[in-house]
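Q: Pasting the sequence and the predicted model now:
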Amino acid sequence: MLIKVPASTSNLGPGFDCVGGALGIGLELRYAEGEPSWTYRHGGLGPAHDAPDASLVLSAAARVFGETPSVALEMSSDIPMGCGLGSSASAIAAGLLLGCALADKVPDPFELLRLGTPLEGHADNLAPALFGGVTLVLPEFDGVDVLRFEPDPSIVPVILLPRVSLSTSDARRALPDHVDRLDAVKNIARSSGLVALLSGTTPPTTELLHECTADLLHQPYRAPLMPETAAAIEELRDAGVPAAVSGAGPSIVCLFVRGEDDAPRRLLADLAGWSVLDVGWDLEGARIV
């Protein structure tokens, strides 16, 4: 049996901890009954890293199956770890679907999001991994809810992958406990505009995407942890490219509009030390195939 789960990019600038999108790279998890085992193969994207812990997958499966399953697992992944592309969330989503398969349950992404969020910690990566497309996470008193929509097909995501990784927990600790109210208002306005553009409600343009991917709540505080990322984003944005930190970083997500002048896009190839991934969106989300 085979499970496929996409990578994801979250925040997209101002949509801190709530906006995310599923990307056209991901992982595959194969499983079979038998002696418990764990095999991992990395696709070679991003900096070298250790294999993810099988306990993350098994813990997620247990939340659906009711107990830790005894299975042979084999994972292959193109998702770089520690780069802000949702590697942990995708592994958890794979485990949740594994639990569904073993329990002979039809996966319900809303239920799986509620079950998996306490394990993942933040739903903004788990939601797009489960639902595909673009998601807006809505915190609720008893968990989380999500609005899901397909991105406007004229908007193309491109990922800039660095040579280094960054711990999500380190990036989280860099954030302040309080922010300026005017900064918060600006982020609310920009994230609202970003959703309107991504959904196609407002016809997207590079200029509008540039305006609506600016952030004041998390990127400035994390910049000292990833100076190369901060410098690259400043250079790109000064040139008019809608660029933002992907998740907790240090990867960068850039949004381009098909049919517009591709001169800004050509700037990506000139950034030394970065790999350009023309990944596109994943519209299916996690699935058993």
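A: That came in fine, so what should we check first? Residues are numbered from 1 along each chain as shown.
Q: alpha carbons only for contacts and neighbour counts from here, please
A: Will do.
Q: C-terminal to the lowest-mean-pLDDT helix or strand in the chain, which secondary structure element comes first?
A: Least confident helix or strand of the chain, by mean pLDDT, DSSP states H and E, is helix 263-266 with a mean of 80. Next helix or strand after helix 263-266 toward the C-terminus (DSSP states H and E): strand 275-277.
Q: Residues touching that next one, excluding its own?
A: Applying CA atoms under 8 Å, 6 or more residues apart in numbering, the contact partners of strand 275-277 are 158, 159, 160, 161, 162, 268, 269.
Q: Averaged pLDDT, that strand. What do you get?
A: Strand 275-277 carries an average pLDDT of 94.
Q: Mind listing what's buried along the strand of greatest length in the chain?
A: Counting by DSSP state E, the longest strand found in the chain is strand 15-33. Within strand 15-33, the residues scored as buried using 16 or more other CA atoms under 10 Å are 15-31.
Q: Can you tell me how far residue 112 is from residue 93?
A: 8 Å (CA to CA, to the nearest Å).
Q: Apologies, that question was intended for residue 192.
A: Taking CA to CA, one finds residue 192 at 27 Å from residue 93.
Q: Between those two, tell me which one has more neighbours.
A: residue 93 (35 against 14; other CA atoms under 10 Å).
Q: Checking the closest residue in space to that one that isn't next to it in sequence next. Helix, strand or coil?
A: Distances taken as CA to CA, 6 or more residues apart in numbering place residue 130 nearest to residue 93, at 6.3 Å, with adjacent residues excluded. Three-state assignment for residue 130 (DSSP: H, G, I helix; E, B strand; the rest coil): helix.
Q: where does residue 130 land on pLDDT?
A: Residue 130 is given a pLDDT of 98.
Q: ok now do it, which residues does it touch?
A: 5, 93, 109, 112, 113, 285, 286.
Q: same thing with residue 254?
A: Applying CA under 8 Å, 6+ apart to residue 254 gives the contacts 157, 158, 159, 160, 241, 242, 243, 244.
Q: Assign a three-state SS to it, would you?
A: strand.
Q: need the next SSE after the helix or strand harbouring residue 40, C-terminal direction.
A: If you go by DSSP H and E, residue 40 is part of strand 37-42. Downstream of strand 37-42, the first helix or strand assigned by DSSP H and E is helix 54-65.
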